[in-house]
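S.K.: Sequence first, predicted coordinates after that:
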Amino acid sequence: MSRSESLFAPVSRTVLHALHDAGGRRARLLLALSGGADSTALLRSALDCRSELKLELVAAHLNHRARGEASTADADWLVTLCRSLGVPLILEEIDVPAQAKSAGLGFEEAARTIRYEFLDRTAITQNCPLLAVAHNTDDLAETVLHNLLRGTGIAGLKGIPRERMLPGGTRLIRPLLAVTRAEILDYLAGLGQEYRTDATNADLEATRNRLRLDLLPKLREEYNPQLARALSRLATQAEDVQQAIAFAARDLAFQTREKIEAADWGIRWQELQQHPRHLLREMFVAIWIDLDWPRQEMTFAHWDRLATQITVGGRNQFPGGIDVQRSGRLLRLRREVDRTG
């Protein structure tokens, strides 16, 4: 630990290590800001690290116009905050509720898609190869628990990835993922730093809010005060396991492939008889990813049916117009919609 690093608050020290490991030294870093406690802590901790890592910071905020005057007030507050801290702010306004209605999407789905499109686009125009968002340990725990309640596999236990690539080539990172919400609030209190509170986060009609405000506090109080940390460790272990399985599954998919046509995939099914069932399911996931076939409606039952088809044969239809038939020595997969024009 350097002498200057020893002077940092624990939150800033964690962010420093995360940014350093992500290749943040001498980088232009885009910070996604909402005005809430988490993103405000991300901004202040990134400023703490700026000199040590020689960072250039740019902030971005999307006013989604979902809460009327409150949304505008959040944007105005961020303009004032960033100006006082000397951080340039890119501000954009999009009527997300209107776009969600027009596209026939739920607000949360539309808001997430539009927000990341805005952030990716802004990172590119601002020449920022790194984009930092403010998910924390409690967010990770909520995601893991939410996935468990919905009935997840190992992949769902990963929760929120520490980083990923956006379509435009921007590398998204989460420097606060090892920091709890309580630590964030303590950090901001120590700075005397205010933040904005979104009233919709108290709406118990939303499942994630009930997890955050009701179930997780009960579990912490009655079973494990360090529940968020425990679920975070589980997520890390699940990510390691899933990476190993995914690597083996992709290798298996290509080892047994026999190309038929550009949009089709043939599998020499006899070579798969002795492989574990979970690996076969993941092999089909790898094929879907490679062919860019839709996976949103594919459930565990669908992937398991594919694994069964290797042994029992027959023909099945799957979401997205996917036809799978065992014929002779091959299991043939094709997307019928690719042929309709």
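M.R.: Okay, I see it.

S.K.: Give me the domain ranges for this structure.
M.R.: As given by automatic domain parsing, the domain ranges for the chain are 5-231, 256-339.

S.K.: tell me the average confidence for the shortest one?
M.R.: With pLDDT averaged residue by residue, domain 256-339 scores 90.

S.K.: From the chain's centroid, how far away is it?
M.R.: 26 Å (Cα atoms, centre = their mean, to the nearest Å).

S.K.: do stretch 108-117 as well
M.R.: Here stretch 108-117 is found 12 Å from its chain centre; the criterion is Cα atoms, centre = their mean.

S.K.: For it, list every residue counted as buried.
M.R.: Within stretch 108-117, the residues that count as buried by 16 or more other Cβ atoms under 10 Å are 110-111, 114-116. For every residue, glycine as well, the C-beta is placed using N, CA and C.

S.K.: Also stretch 49-68?
M.R.: Using 16+ other Cβ under 10 Å as the test for burial, stretch 49-68 gives 49-50, 52-53, 55-66.

S.K.: hey, C-alpha coordinates of stretch 51-65 in CSV?
M.R.: C-alpha atoms of stretch 51-65 as CSV (Å, rounded to 0.1, in the frame of the first residue of the first chain):
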residue,chain,number,x,y,z
SER,A,51,-4.6,12.0,-8.6
GLU,A,52,-3.2,8.5,-7.6
LEU,A,53,-4.4,6.9,-10.9
LYS,A,54,-4.0,10.1,-13.1
LEU,A,55,-7.7,9.7,-14.2
GLU,A,56,-9.7,11.9,-16.4
LEU,A,57,-13.3,11.9,-15.2
VAL,A,58,-16.5,12.5,-17.1
ALA,A,59,-20.0,12.1,-15.7
ALA,A,60,-23.2,11.2,-17.5
HIS,A,61,-26.8,11.3,-16.4
LEU,A,62,-30.0,10.3,-18.3
ASN,A,63,-33.2,12.1,-17.2
HIS,A,64,-35.8,9.5,-18.1
ARG,A,65,-38.7,11.8,-17.2
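
S.K.: picking up where we left off before, rebuild the domains of the chain as TSV, extending it with distance to residue 242.
M.R.: Shown next, in TSV, are the domains of the chain (distance: least, Cβ to Cβ, whole Å):
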stretch	distance to residue 242
domain 5-231	5
domain 256-339	8
